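A.B. asks: Pasting the sequence and the predicted model now:
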Amino acid sequence: QKEVEQNSGPLSVPEGAIASLNCTYSDRGSQSFFWYRQYSGKSPELIMFIYSNGDKEDGRFTAQLNKASQYVSLLIRDSQPSDSATYLCAVNFGFQKLVFGTGTRLLVSP
Amino acid sequence: ETGVTQSPTHLIKTRGQQVTLRCSSQSGHNTVSWYQQALGQGPQFIFQYYREEENGRGNFPPRFSGLQFPNYSSELNVNALELDDSALYLCASSLIAGSNEQYFGPGTRLTVT
C-alpha cells in the first residue's frame, strides 16, 4: 500500500516567519514529489515539485527531499497571510498516479 | 489559471441516479487523470486516460467509468450514485512525456441526496 502522511495541523506561524511543512512516504523507490496549495473551496494548485536528484528553490519556497528517511519538506520563507491554505503533499508512485496526503493546514497571522 | 476546465461547477443528484462530468485538458497535454476529494481529505486517484485508453485505475468500483476523446477532453461517468459519492471531483491534465506535473481544473462539486 503506497501511502503519504502529513500532520493535519493547523500549523500557526506569525507573518514574516518561516513555515516548515513535512510529509513522509512509504515507497523508497519513489522518484518525484509535489506540493500543492489548496485554498478553501478551490482546487489544488501546483506550487513546487522535485525529483530524487535534489532540492529546489523557487522564490520564497524551498522543497527538500530526505531519501534516507523518506520525507519531503516545504519551507515557506517570509510567510504572508495570503499563504494561509492547506498544503497537500503528493508522491508519484508510478505511471503518473499521484498519491496525496490529507494535507496540512497553515495559518499565517498578521 | 491552469487552462484545464471542468463542467458543471456544481451538481445535485439523487441516490441511484447517473452523472457525467466533463473536463477539457490544458493545450498540449495528452493525459487526463480524475480524482475524488472528500471533505477534509486529499484527492484520491480514480483513473487516468492516455490516447483514449485507460492507463491506470485506483480503488474505485466499476460504476466509475471514463472516456477520453481525440481532442484529449474527457468524461467521468458514475452510475448508481451513493451518498458517499458526494465529493469534489477533480480533473488533472499532464504531458506524459514530460515531467509528471499534473495541473488541476477547478473541480465539480457533486452532492448526492
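C.D. replies: Received the coordinates, thanks. Residues are numbered from 1 along each chain as shown, chains lettered A, B, ... in the order given.

A.B. asks: Up against chain A, what does chain B have?
C.D. replies: Contact residues (C-beta under 8 Å from any C-beta of the partner chain) of chain B with chain A: B:2, B:31, B:33, B:35, B:40-45, B:48, B:55-56, B:58, B:88, B:90, B:92, B:94, B:96, B:99-107. For every residue, glycine as well, the C-beta is placed using N, CA and C.

A.B. asks: In space, what's closest to B:P106 - neighbours in sequence excluded?
C.D. replies: Spatial nearest neighbour of B:P106, chain neighbours left out: A:S43 (5.2 Å); criterion: C-beta to C-beta, 6 or more residues apart in numbering or on different chains.

A.B. asks: So the one you found is in contact with B:C91, correct?
C.D. replies: No. Contact criterion C-beta atoms under 8 Å: A:S43 and B:C91 do not qualify, at 9.1 Å.

A.B. asks: what about the residue of chain A found nearest chain B, how many neighbours?
C.D. replies: Per C-beta to the nearest C-beta, the residue of chain A with the smallest distance to chain B is A:F100, at 3.2 Å. For A:F100, the tally of surrounding residues (other C-beta atoms under 10 Å in any protein chain shown) stands at 22.

A.B. asks: picking that back up, have a look at A:S43 and B:C91 and say which one is more surrounded.
C.D. replies: A direct count of neighbours by other C-beta under 10 Å for A:S43 and B:C91 places B:C91 higher, at 30 against 23.

A.B. asks: contacting residues around the more buried one?
C.D. replies: Residues counted as contacts of B:C91 (C-beta atoms under 8 Å, 6 or more residues apart in numbering or on different chains) are B:4, B:6, B:21, B:23, B:25, B:32-35, B:74, B:76, B:104-105, B:107.

A.B. asks: Fine by me, thanks again.
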